[in-house]
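*Asks:* take a look and give me a structure for this.
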Amino acid sequence: MENLTVKKYKLKKVETQVIYKINYENELNLSQLEAVKQQEGAILVIAGAGSGKTKTLTYRVARLIEDGINPKNILLLTFTKKAAQEMLSRAAIVLDSRCEQVAGGTFHSFANVILRKYSSLLELQNNFTIADRPDSEDIVNHIRSNIIGKQEKRFPKKGTILDIYSKSVNKDIPSCEVIASEYKQFEHCTEKINEIIQKYNEYKRKNSILDYDDLLLYLRTLLESNFQVRKTLSNQYKYIMVDEYQDTNTIQAQIIKLLASEHNNIMAVGDDSQSIYSFRGANFKNILDFPSIFENTKIIKLEQNYRSSQNILALANEILKKAVEKYTKTLFSTIQNPVKPALISASDMKTEAEFIAQRVLELSEEENIPLNDICVLARSARMTYNLEIELAKRNIPFKKFGGMKFIEAAHIKDIIAHLRVILNPSDIISYMRILLLLDGIGSQSANKLLPVLADGNIETKKLPVKNPDAVIRLTQLINNNQKDIFNPKKVVQSVINYYEPILKDKYDDYTKREKDLEHFIALSEKYTSLEDFLSDLALEPPDTSITDIEEGANKDEYLTLSTIHSAKGLEWKAVFIIGAVDGRFPSLYSFNSPEELDEELRLMYVAVTRAKTHLAITYPIDMFDYSTNMVLSKPSRFLDGIGQDILERWIIE
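*Replies:* Numbers count the residues shown, from 1 in each chain. Predicted coordinates:
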């Protein structure tokens with residue numbers, strides 16, 4: 001038989017990519033669909049609360065790529081890395097993996113990439129170091145110590161100086177204006193503060209260091225000063241999308257304008273009614289002025305809400321009507337629920353706290369709403385102090401966000417330490433804390449003093465410290481108040497009178513912290529024993545605020561306490577808005593500024609639209625404000641004139 005040669009062939013499997021056509025009409029409502037289909041030009045999407053802006057951005061990424069746009073020509077800028085990753089991952093699920101090739105990230109991460117590529121044009125080393133906040137504070141402190149003598153007591157500390165500089169950068173205004181408007185107590189130091197800031201910038205430049213604010217500053221400088229680079233980057237990123245545009249600061253808006261200079265293809269998505277971060281430098285005017293900055297802007301409004309019941313949106317719409325500057329919109333929902341929002345008056349803050357704690361238990365145990373789906377929102381963290389004590393008494397687990405728990409604040413811990421020593425002079429830990437507050441006393445001196453203090457009659461002894469008079473004043477405070485332990489308010493007032501000079505010396509923001517001391521006095525007057533007062537405050541030690549409701553309860557389940565600023569973007573089935581008394585919400589300080597009052601109103605809108613089905617707004621009718629010696633008793637002006645058909649009125653009896 002003839003020999004046969006068998007040839008072996010390597011077989012390669014040909015894989016074919018299945019192209020799925022997305023049915024956008026089935027997935028999106030008409031307004032979302034209109035936004036997604038827009039490809040060229042400037043588009044401003046006004047996305048009302050809960051209207052699906054993330055979905056809209058996700059599907060627009062998919063649509064651009066499906067239409068043949070190279071993913072590398074798309075830039076998606078967000079305010080968190082997580083948000084960008086989530087959108088691009090969802091877009092990849094909707095379409096395919098090409099979506100993950102889109103340039104997505106925060107303004108700062110984008111700036112970092114570009115600056116390292118073009119560092120030589122800015123006379124930077126491409127291996128420049130990015131300084132975080134502690135690094136920056138250390139640099140400022142080093143410079144500060146060389147300029148400011150130790151004898152200067154009323155000079156801002158390193159963190160405050162850095163805050164002044166950062167606000168100056170982000171608001172694009174001179175530091176002297178920041179000092180004049182927000183740090184008046186340091187106006188006499190303006191020249192030296194500016195000298196420190198100047199040397200801080202020189203130090204960074206000399207040592208090839210950039211802080212977070214520098215990333216934006218240098219990127220803007222690069223785009224403004226180099227036409228070729230600006231043109232190259234603008235042509236590379238032909239389709240730009242920006243999320244949460246209402247939160248951009250002046251420099252970020254300028255960067256976007258420069259990046260879009262060659263094509264004007266920019267989609268900004270945001271909600272003017274959720275612009276609540278001016279204290280961080282966000283510029284509300286950016287979203288209002290967008291149509292005048294970008295030619296032929298098309299405005300699309302997303303008004304269908306997928307979170308809240310129509311009853312809650314009816315209230316949100318009434319609140320929005322009161323805004324002076326805004327894009328007019330009317331939120332609506334197909335979600336129906338018979339429960340209407342309620343405005344509830346309590347006789348005082350303690351009763352308000354008791355009602356909320358009781359109602360939380362009812363929602364959890366009787367209406368089967370998990371604690372994780374219930375939230376208490378406050379204009380400021382201090383508004384929940386009474387509630388924290390009440391929740392602890394009832395063993396309701398909670399976590400607090402957007403502010404420290406009451407006894408975690410350093411100045412409050414100082415006051416409590418004094419009270420503990422008055423009640424128990426053997427409390428060595430508290431004694432050490434209050435001794436270290438005194439000028440000229442360190443750890444070694446305090447350790448030498450403790451046994452001397454334990455013997456008593458220190459006025460007749462030679463004290464082993466440089467500042468014996470301060471120690472004597474402290475012991476007199478302790479001894480004089482021990483007879484009044486059954487009058488906590490009197491003791492607390494005495495301690496605060498003694499502590500206020502220390503507060504002013506220790507904290508640059510003492511004016512804000514003084515409000516907490518006033519509130520502390522109000523808390524103490526509810527008690528007839530200093531021991532009972534301190535015991536209630538200690539029921540929830542720092543960082544251990546989760547307690548089981550009953551044996552066997554889910555330890556991961558807890559009630560959320562949050563400031564409204566920290567709750568933006570989140571949602572719960574049931575929401576309480578606590579302390580909605582005029583003068584606190586809105587704040588008294590906003591009454592003379594239409595812009596600030598409008599931002600306070602937007603804050604109320606954000607709070608209301610966190611709720612899905614249950615919303616209760618509470619206020620006390622005898623809240624005393626120590627700064628004005630006024631009793632605050634009326635509900636927030638933002639709720640004036642809203643009918644019972646939209647907002648029910650309840651009175652706690």
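*Asks:* can I get the longest strand seen in the chain in PDB, CA atoms only?
*Replies:* Under DSSP state E, the strand in the chain containing the largest number of residues is strand 611-620. The C-alpha atoms that make up strand 611-620 are tabulated as PDB, following Å, rounded to 0.1, in the frame of the first residue of the first chain:
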ATOM      1  CA  ALA A 611     -38.100  60.000  51.600                       C
ATOM      2  CA  LYS A 612     -39.900  57.300  49.600                       C
ATOM      3  CA  THR A 613     -43.300  57.000  51.400                       C
ATOM      4  CA  HIS A 614     -43.100  58.400  54.900                       C
ATOM      5  CA  LEU A 615     -42.100  61.900  55.800                       C
ATOM      6  CA  ALA A 616     -42.400  63.700  59.200                       C
ATOM      7  CA  ILE A 617     -41.000  67.200  59.800                       C
ATOM      8  CA  THR A 618     -40.700  68.100  63.500                       C
ATOM      9  CA  TYR A 619     -39.900  71.300  65.400                       C
ATOM     10  CA  PRO A 620     -40.000  72.500  69.100                       C
END
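*Asks:* okay, now the sheet partners of that strand, with direction.
*Replies:* The sheet places strand 611-620 alongside strand 342-346 (parallel), strand 572-578 (parallel), with pairing taken from DSSP bridges.
*Asks:* for that strand, buried residues please.
*Replies:* Buried residues in strand 611-620, counting neighbours by 16 or more other Cβ atoms under 10 Å, are found at 611, 612, 613, 614, 615, 616, 617, 618, 619, 620. In short, each C-beta sits where N, CA and C put it, glycine included.
*Asks:* show me which of these is closest to residue 250.
*Replies:* Checking the buried residues of strand 611-620 against residue 250 with Cβ to Cβ, the nearest one is residue 611 at 33.1 Å.
*Asks:* contacting residues around the closest one?
*Replies:* The contact partners of residue 611, by Cβ atoms under 8 Å, 6 or more residues apart in numbering, come to 308, 312, 341, 571, 572, 573, 574, 575.
*Asks:* 7 Å instead, please
*Replies:* Residues in contact with residue 611 (Cβ atoms under 7 Å, 6 or more residues apart in numbering) are 308, 312, 572, 574, 575.
*Asks:* any idea of the mean pLDDT in the longest strand of the chain?
*Replies:* Averaged across strand 611-620, pLDDT comes to 96.
*Asks:* likewise stretch 163-180?
*Replies:* Regarding stretch 163-180, the rounded mean pLDDT is 90.
*Asks:* and that stretch, which residues are buried?
*Replies:* When neighbours are counted by 16+ other Cβ under 10 Å, the buried residues of stretch 163-180 are found to be 163, 164, 165, 166, 167, 168, 169, 170, 171, 175, 178, 179.
*Asks:* can you measure across it, start residue to end residue?
*Replies:* Chord length of stretch 163-180, first to last residue, is 14 Å (Cα to Cα, to the nearest Å).
*Asks:* among the strands paired with strand 611-620, which comes closest to residue 158?
*Replies:* strand 572-578 (34.6 Å).
*Asks:* continuing past the closest one, what's the next helix or strand?
*Replies:* Sequence-wise, the next helix or strand downstream of strand 572-578 (DSSP states H and E) is helix 594-608.
*Asks:* relative to strand 611-620, how tilted is that next one?
*Replies:* Between the direction of helix 594-608 and that of strand 611-620, the angle (axes from the mean of the first three to the mean of the last three Cα atoms, to 10 degrees) works out to 120 degrees.
*Asks:* looking at the buried residues of strand 611-620, spot the one nearest residue 367.
*Replies:* residue 614 (8.4 Å).
*Asks:* one step back: the strands paired with strand 611-620: which one's closest to residue 269?
*Replies:* The closest approach between residue 269 and any of the strands paired with strand 611-620, judged by Cβ to Cβ, belongs to strand 572-578 at 23.7 Å.
*Asks:* which residues are in contact with that closest one?
*Replies:* In this structure, residues lying in contact with strand 572-578 by Cβ under 7 Å, 6+ apart are 352, 356, 363, 369, 373-378, 383-384, 387, 560, 607, 610-618.
*Asks:* now do the longest strand of the chain: distance to the chain's middle.
*Replies:* Centroid displacement of strand 611-620 relative to its chain, using Cα atoms, centre = their mean, to the nearest Å, is 21 Å.
*Asks:* how far off centre is stretch 489-508?
*Replies:* The chain centroid and the centroid of stretch 489-508 are separated by 28 Å, computed with Cα atoms, centre = their mean.
*Asks:* got the buried residues for it?
*Replies:* Using 16+ other Cβ under 10 Å, the residues of stretch 489-508 that count as buried are 489, 491-496, 498-499, 502-504, 507-508.
*Asks:* one more: stretch 273-291?
*Replies:* With burial defined by 16+ other Cβ under 10 Å, the residues of stretch 273-291 counted as buried are 273, 274, 275, 276, 277, 281, 282, 283, 284, 286, 287, 290.
*Asks:* so which of those residues are in helices?
*Replies:* Cross-referencing the buried residues of stretch 273-291 with the helices (criterion: DSSP state H) gives 286, 287, 290 as the overlap.
*Asks:* and the strands in the stretch 201-350 of the chain?
*Replies:* Counting by DSSP state E, counting those that start in this stretch, the stretch 201-350 of the chain has these strands, from start to end: 209-211, 239-242, 266-270, 298-302, 342-346.
*Asks:* a markdown table please, covering these and showing distance to residue 248.
*Replies:* A markdown table is the format used below for the strands of the stretch 201-350 of the chain (distance: least, Cβ to Cβ, whole Å):
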| stretch | distance to residue 248 |
| --- | --- |
| strand 209-211 | 19 |
| strand 239-242 | 7 |
| strand 266-270 | 8 |
| strand 298-302 | 17 |
| strand 342-346 | 34 |
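*Asks:* so where's this structure uncertain?
*Replies:* Within the chain, the stretches with pLDDT under 70 are 1-20, 149-153, 403-407, 454-462, 464-465, 535-536, 538-555, 624-631.
*Asks:* go through it and flag its longest helix.
*Replies:* Using DSSP H to define each element, the chain has its longest helix at helix 488-506.
*Asks:* and the contacts of that one?
*Replies:* 153, 411, 414-415, 418-419, 422, 437, 477, 481, 484-485, 510, 513, 517, 520-521, 524-525, 527, 529-530, 533.
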